[in-house]
Each structure stands twice: as C-alpha cells, then as structure tokens.
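Asker: compute the structure for the input listed below.
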Amino acid sequence: STMPKQMSNQLTIKNTGESFYVDTIIAAHHGQPVSFETMLEDLAGVRVVYVGETQINSHHHLIQKRLIETLHQQHPDLTVGMEMFDHRYDPILAQWSNGTLDREAFIEKSHWKVRGTGWRFPFELYAPIFETIQMKDIRLVGLNVPGWIPAKISASGLTNLLPDERQMLATEIDTSIEDHRTYVEAVFTNNPHHQIKSFDYFYEAQCAWEDTMAESIVRKLGQGPMVVVVGNGHIQYKYGVPNRAYKRNQASFRTIYLASVGAEVDLDLADYIWVTP
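Answerer: Got it, this is the predicted structure:
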C-alpha cells in the first residue's frame, strides 16, 4: 500500500491527507486551523454550543471547562447542559451550582455512582467542570433519559414501555434518519457480545436517547446560550442530538468534536475538530 503510515502524534483528515498536531482547532468549512479566539468569535453569536468528548480522556474535560469559563465571561446567563444527568435532576444540579452541596453530598444525591443508572466514569474526570460551574454559579441542567429505560426499549421496544416511562422521553422520536441508522447498525454489528435480539428495538433506544436529549435542550434553553457536554457519538455529523434539537426550535448551533491524535477523521464530522492527546 502506498498510503502514508498513520502519524501517531497527529490527527489526519480523510481524503485530504493533511495532518495536524495537538491543540490545533480545524474549522470544517475551509479545513484549515483557526485560533481559539477566531472560533470564539463564531461561537459568540450562536444559541447552542455542543462540545463532544471521549469520556475517559481528561484532556477533553479540561477543554470543556475552558470553553464553559470563556463563554460564561461573554454570557453571564450561560447554561450548561450535561448528558451525565437524567433530565429530572435539575433541583439537585441547582443546589450544586449555588454552593449548597459539597462534593460527597452531590455525588450521593445525583446518584452518580449508582450501578445501572449512574454515570460509569469517575467523578474526578469531570471535577474541573463542576468546580468552575460552582465557582461561577452557572446554571446547570440535565439532559438524559432515566438510566434504566434504554435497556427496556432495546429488549422490547418503545411501545412496550410503561406509560409513565414513555412520558419521560421525547414526544417525537425519529427513527427515519438513514445516516444515523447506518452508524448505529455498525456499532450494533461490531459488538456481538450483546444479548439484544432486535436491531430495530436497539435503534429505537438510541433514537429515544438522542431525541430526549434534544427535547431537553430545547425545553431548558434559557435567555443566554447553552454549552452541551455530551459524548462525541451524539454530535458527530450532527445527526444525533444537534439536528434533532434544531428541527424543534431552529436555534443556531455549532459542534466541536474533540479528536485524539493517531486517528483519521472526516472533515464534515463537526463544525470544529479540536486535536487532543
């Protein structure tokens, strides 16, 4: 093969062969690096800023913290929406923001560590984000579906949810987006260990997740902009959460995808691709 060997200390862009080092921010519309300040000027005018992550990458959480801090300087009425919490937890999140809970109490009350419904990644990884939110008293809201629901949908479909569970999800759940379906099908096929029999049910669960987060964003968007902290898979190519939220409220948005060196990615993965360790 005449393909150049993948540079492990750089991120390569598919079809262009161009490679970039850590801390480069690539703007998709022209495929070239831009400064943090230039990106910030663009973000200043939009309503929703999605910042993806690979959950276990501590560098990603530091970038999210920096963006939250910087955007809060420009917009004191900023909201942060997080995938890490089910959308019913806002009263607990508000107590964290206004400083009435210490870390231990917050971890308990938010059920962060509860097996099956909590977040399976160490709180420490997210601590820089949470500390900034508390220090600046930034409005924090939850976006996710209650943790036990996706497994039920994957096993027996949306129609068999209990009525009160169905009401915890987005009213409209769109399973007709072909590109998204193709991506989820590849994930499903590449994980043969799962016990789920029906891909259709599995896909319904994924869409319930995307659309409920989208609906939460629309419902909880305040006067100011919102920074959405969410896994990269939910924002790539915009077919997960971003386009579904946009379809509901036409609020302008940008996506920032955090991509580690050694990978090869499509330029149209997001509005901005930020190269990280």
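Asker: can you give me the buried ones in the host helix or strand of Tyr126?
Answerer: If you go by DSSP states H and E, Tyr126 is part of helix 123-136. By neighbour count with 16 or more other CB atoms under 10 Å, helix 123-136 contains the buried residues Phe123, Leu125, Tyr126, Pro128, Ile129, Phe130, Thr132, Ile133, Gln134. The C-beta positions use only the backbone N, C-alpha and C, and glycine is treated the same way.
Asker: over to stretch 18-31?
Answerer: Ser19, Phe20, Thr24, Ile25, Ile26, Ala27, Ala28.
Asker: where do the helices of the protein begin and end?
Answerer: 36-43, 58-74, 90-97, 103-109, 123-136, 149-156, 163-166, 178-189, 199-220, 242-249 (DSSP state H).
Asker: show residues contacting the shortest one.
Answerer: With contact meaning CB atoms under 8 Å, 6 or more residues apart in numbering, helix 163-166 is reached by Pro146, Ile149, Lys152, Leu158.
Asker: how about the CA coordinates for it, as CSV?
Answerer: C-alpha atoms of helix 163-166 as CSV (Å, rounded to 0.1, in the frame of the first residue of the first chain):
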residue,chain,number,x,y,z
PRO,A,163,-47.0,4.8,30.3
ASP,A,164,-45.1,6.9,32.9
GLU,A,165,-41.8,5.8,31.4
ARG,A,166,-42.9,6.8,27.9
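Asker: what mean pLDDT does it have?
Answerer: Per-region confidence: helix 163-166 scores 97 on mean pLDDT.
Asker: and what of the longest one?
Answerer: Looking at helix 199-220 alone, the average pLDDT works out to 97.
Asker: got the angle for it vs helix 242-249?
Answerer: Counting by axes from the mean of the first three to the mean of the last three CA atoms, to 10 degrees, helix 199-220 lies at 50 degrees to helix 242-249.
Asker: could you dump helix 199-220 to PDB, C-alpha only?
Answerer: The C-alpha trace of helix 199-220 is given here as PDB (Å, rounded to 0.1, in the frame of the first residue of the first chain):
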ATOM      1  CA  PHE A 199     -31.700  -4.200  15.900                       C
ATOM      2  CA  ASP A 200     -35.000  -2.300  15.400                       C
ATOM      3  CA  TYR A 201     -35.500  -2.100  19.100                       C
ATOM      4  CA  PHE A 202     -31.900  -1.300  19.700                       C
ATOM      5  CA  TYR A 203     -32.200   1.600  17.200                       C
ATOM      6  CA  GLU A 204     -35.400   2.800  18.900                       C
ATOM      7  CA  ALA A 205     -33.500   3.000  22.200                       C
ATOM      8  CA  GLN A 206     -30.700   5.100  20.500                       C
ATOM      9  CA  CYS A 207     -33.200   7.500  19.000                       C
ATOM     10  CA  ALA A 208     -35.100   7.800  22.200                       C
ATOM     11  CA  TRP A 209     -31.800   8.800  23.800                       C
ATOM     12  CA  GLU A 210     -30.900  11.400  21.000                       C
ATOM     13  CA  ASP A 211     -34.400  12.900  20.800                       C
ATOM     14  CA  THR A 212     -34.900  13.100  24.500                       C
ATOM     15  CA  MET A 213     -31.600  15.000  24.900                       C
ATOM     16  CA  ALA A 214     -32.600  17.200  22.000                       C
ATOM     17  CA  GLU A 215     -36.000  17.900  23.600                       C
ATOM     18  CA  SER A 216     -34.400  18.600  27.000                       C
ATOM     19  CA  ILE A 217     -32.100  21.200  25.300                       C
ATOM     20  CA  VAL A 218     -35.000  22.900  23.600                       C
ATOM     21  CA  ARG A 219     -37.100  22.900  26.800                       C
ATOM     22  CA  LYS A 220     -34.200  24.200  29.000                       C
END
